[in-house]
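Q: Model the following, please.
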Amino acid sequence: MIQAPSEPGKIEMYSSQFYAACTVGGILSCGLTHMAVTPLDLVKCNMQIDPAKYKSISSGFGVLLKEQGVKGFFRGWVPTLLGYSAQGACKFGFYEFFKKYYSDLAGPENAAKYKTLIYLAGSASAELIADVALCPMEAVKVRVQTQPGFARGLSDGFPKFVRSEGALGLYKGLVPLWGRQIPYTMMKFASFETIVEMIYKHAIPTPKNECSKPLQLGVSFGGGYIAGVLCAIVSHPADNLVSFLNNAKGATVGDAVKKIGVVGLFTRGLPLRIVMIGTLTGAQWGIYDAFKVFVGLPTTGGAAPAAEPIKA
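A: Just a heads-up that it's a prediction; the model follows:
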C-alpha cells in the first residue's frame, strides 16, 4: 500500500478532498497549457494534413498569418480549452486513484518492487477514461483548425459537425485517440515518476522533504520536459492518424496509412511536436505540482511507494 507522506498538509492524503484537489490541478495543468500552445498545435495539424502547403514550422506560420491573420493562430481555442480541461481532470484525478488502488491490490512489498508497472497500469486506466471526455472536443477542434471555412469555432462547429457526421461521428477518432494518448500518458507518468526519483537520488544531495518548494517545482518541470520528449516520440504515429481521420469525412485508418505512408506516420510533424509536447508536459507537471503545493500537498514523485507496517 502507498503510505501517506509524513509531512503535514491541509488535505489528508487519499481522501476525497485529495482526489478533488488532484482533479482541479489536472484541469488547470492540461486546459491552460494546451490552450497556450494552440498556435503550435494549429501549425502541426496542418503540416500533417497538407504537407505540400505547410512545408515547415516557419513557413506554416507564414501561411497562416497571410491567410487568416493573427487571430487565426488561436482558431479552435475553445474546444481545446474545454476538451483538455475535461481530459486533465480525468487524467490526473484517476491516475492518483488508480495508483493507490493498484498499490493496495499488490500489497506493500510488490508495490515497491513493481512500482513502474503500477505507474503504467494506473496511467493507462486513467487515460482510457480521460479520452472519452476529450474525444468530442478533439474532433471539432481538428475540423475547425484544418478547414478554415468549416466553422468559426465551437458554437457553430459542434452542431455542424454533428449534422455532418452524426453524434457517433464525434467518437470516430476514439480508438486512434486511445492509440495516441494511452502510450503517451503511460510514458508521461511512468517516465516522470522514474526521472524525478533518479534526480532526487543521484543529482540532489538533499532529501526531497528537506528541499525548498521552488527547487521541488523546478525538478517537476525538468522531469516533465524530459518525459514529454519521450511521450511525443511514442505517440506520434497515432497523432497523425487522429488528425487525418478527423479532417476527412468517412476516412479510415487504411486510407490514412495509404496517403501518409508508414514512415510519414512516424516523422511528419515530429520535430514541432517534440518541442510542443516537451514544453507542454514540463509546464503541466509544474502547474499540477504548484497547485498541489498551494493546497498543502507534496509534489509528485521522488520516492518509491513506502510499505506500511503489517498490523498484527
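
Q: need the helices for the chain, in chain order.
A: For the chain, the helices defined by DSSP state H cover 16-36, 38-49, 57-68, 77-106, 108-113, 115-146, 154-165, 174-198, 213-247, 253-260, 262-267, 270-294.

Q: Using JSON lines, please lay out the ones you listed together with distance to Lys10, mean neighbour count and mean pLDDT.
A: To be clear about C-beta, it is placed using only N, CA and C from the backbone, and glycine gets the same treatment. Output for the helices of the chain, formatted as JSON lines (distance: least, CB to CB, whole Å; neighbours: other CB atoms under 10 Å; pLDDT from 0 to 100):
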{"stretch": "helix 16-36", "distance to Lys10": "9", "mean neighbour count": "20", "mean pLDDT": "97"}
{"stretch": "helix 38-49", "distance to Lys10": "34", "mean neighbour count": "23", "mean pLDDT": "86"}
{"stretch": "helix 57-68", "distance to Lys10": "44", "mean neighbour count": "15", "mean pLDDT": "90"}
{"stretch": "helix 77-106", "distance to Lys10": "16", "mean neighbour count": "22", "mean pLDDT": "97"}
{"stretch": "helix 108-113", "distance to Lys10": "26", "mean neighbour count": "17", "mean pLDDT": "95"}
{"stretch": "helix 115-146", "distance to Lys10": "24", "mean neighbour count": "23", "mean pLDDT": "96"}
{"stretch": "helix 154-165", "distance to Lys10": "36", "mean neighbour count": "16", "mean pLDDT": "94"}
{"stretch": "helix 174-198", "distance to Lys10": "23", "mean neighbour count": "22", "mean pLDDT": "94"}
{"stretch": "helix 213-247", "distance to Lys10": "14", "mean neighbour count": "22", "mean pLDDT": "90"}
{"stretch": "helix 253-260", "distance to Lys10": "48", "mean neighbour count": "14", "mean pLDDT": "88"}
{"stretch": "helix 262-267", "distance to Lys10": "46", "mean neighbour count": "13", "mean pLDDT": "90"}
{"stretch": "helix 270-294", "distance to Lys10": "10", "mean neighbour count": "22", "mean pLDDT": "93"}
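
Q: To Pro207, which of the ones you listed lies closest?
A: Proximity to Pro207 (CB to CB) singles out helix 213-247 among the helices of the chain, at 11.2 Å.

Q: helices or strands up against that closest one?
A: Here helix 213-247 touches helix 38-49, helix 115-146, helix 174-198, helix 253-260, helix 262-267, helix 270-294, going by 3 or more CB pairs under 8 Å, 6 or more residues apart in numbering; DSSP states H and E.

Q: Spit out the contact partners of the closest residue to Ala251 other than its chain neighbours.
A: Leaving aside its sequence neighbours, Ala251 sits nearest to Leu245 (CB to CB, 6 or more residues apart in numbering; 5.3 Å). Listed by CB atoms under 8 Å, 6 or more residues apart in numbering, the contact set of Leu245 reads Lys172, Gly173, Pro176, Ala251, Thr252, Val253, Ala256.

Q: In this structure the fourth one contacts Val242, no?
A: The reference is to Ala251. No - with contact defined as CB atoms under 8 Å, Ala251 does not count as touching Val242 (11.1 Å).

Q: before we move on, the earlier item: could I get the contacts of Leu245 as TSV with distance to Ala124?
A: What follows is the contacts of Leu245, written out as TSV (distance: CB to CB, whole Å):
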residue	distance to Ala124
Lys172	22
Gly173	19
Pro176	16
Ala251	27
Thr252	25
Val253	21
Ala256	24
